[in-house]
Structure formats: C-alpha cells, structure tokens
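Enquirer: Build me a model from this:
(one chain, ligands or ions: 2)
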Amino acid sequence: MFSLGTSGSSSSEISNTIFWNNGEEIVQTDASASVNYSIIDDDTPDGSVSLPAGVTGANNLDSDPLFLDAANNDLRISASSPAFDAGLNDIISMPTDLFGNPRESYTSVDIGVYENQCPDAVYAAATTFFVSSTASDGATGLSWGDPLTLAGCH
Ligand SMILES: [Ca+2]
Ligand SMILES: [Ca+2]
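Expert: Ligands and ions are numbered 1, 2, ... in the order given. Prediction:
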C-alpha cells in the first residue's frame, strides 16, 4: 500500500486486508493512514505489528495467513489461518467474497478477499465427508447433497 500526500493532506483507511510477502508492505509519506483488523508482514517476525510513522492501527496481526497455495496464486485461507473469523464485520457492504461465497461465514468475516466456508466446530465433530468431482466451491461436504470438491473445503 502506498499512502502519498500531495499538496495538503490525504488519508487512507484500510481494514480486513492481508499485506503479506511483498517486501515493503506499507509505504507512507506526507499523509495519514489507518490500518485495522489486517494481517501485515512488517519484515520483523516477532508476532507484533510495527507500522511506519504516520500510520495508525489496531487489531492487526503479523502472522503467516496460511494461504492454501500461494505459489500457485490460490490465496484462499485455510481453516487454521489467523485470518479466519478475525475481520471486522461492521465495514462489510458486499454479501459475498471474490468467489461469490457468503462473506460472513461462521462467526465473523475473515481477513482477506476470500471467506473460508469451513467452520472448525462442524469439522471437528464430523467423521464422514462426502467428495465429488462435480461439486462446487463453498460446499460443506457433510452430505451427498452438498459434497466437497476434490480440493476440499475452502
Ligand atoms: Ca513484526
Ligand atoms: Ca469467517
């Protein structure tokens, strides 16, 4: 993210966003910015987020978002990701994620553009999963009427 001020002031407010593995994640000059409920790689893997001067924020994490397959551009998060249910619901204005799946799956919105559709509590109790080569993303896999894809639940 670049937050650049020109001839006066500007400000940005970002929430529910993953800034990860891109080198310098946030560049801030002569402007103000607020980043909240986000995952930020600040190049110091110490568990806490250090923001550049002029940037404020709260409820941010510096933890690997555990993308399913970042090397192949699959930026959906796993159910064990720290992004799971860690976003701010109040700012969500669209009912679906980038895949068209429900945006507030399980108890809260996830951080990032994809909502994981696999509630941990359901899967912890399940003993059988149904999988089909013709299934759709967003299925639960808990019945033949709602089978998982071969890639599993995301
Ligand atoms: Ca850090
Ligand atoms: Ca969620």
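Enquirer: Wasn't D90 part of a strand?
Expert: No. Under DSSP: H, G, I helix; E, B strand; the rest coil, D90 falls outside any strand and is assigned helix.
Enquirer: Any figure for the gap between it and ligand 2?
Expert: For D90, the distance to ligand 2 (CB to the ion, to the nearest Å) stands at 14 Å. Where C-beta positions appear, they are placed from N, C-alpha and C, glycine not excepted.
Enquirer: Then G23?
Expert: G23 is 28 Å from ligand 2, by CB to the ion.
Enquirer: my read is that residue is in a strand, agree?
Expert: No. Counting by three-state DSSP, G23 is not part of a strand but coil.
Enquirer: Give me the secondary structure label for the closest residue to it other than its chain neighbours.
Expert: Spatial nearest neighbour of G23, excluding adjacent residues (CB to CB, 6 or more residues apart in numbering): D43 at 7.9 Å. Of the three states, D43 takes coil under three-state DSSP.
Enquirer: and V109, what does it touch?
Expert: Contacts for V109 (CB atoms under 8 Å, 6 or more residues apart in numbering) come out as 16, 85, 87-89, 92, 103, 115.
Enquirer: Show me just the buried residues among those.
Expert: Neighbour counting with 16 or more other CB atoms under 10 Å marks 16, 85, 87, 92, 103, 115 as buried within the contacts of V109.
Enquirer: Strands - which of these land there?
Expert: Counting by DSSP state E, these place none of their members in strands.
Enquirer: that older thread, out of the contacts of V109, flag the one nearest to ligand 2.
Expert: Ranked by distance to ligand 2 (CB to the ion), the contacts of V109 are led by D85 at 4.3 Å.
Enquirer: Pull up the gap between the nearest residue to the closest one once chain neighbours are set aside and ligand 1, please.
Expert: Counting by CB to CB, 6+ apart, D85 lies nearest to S108, which is 4.3 Å off, once chain neighbours are set aside. Taking CB to the ion as the measure, S108 falls 23 Å from ligand 1.
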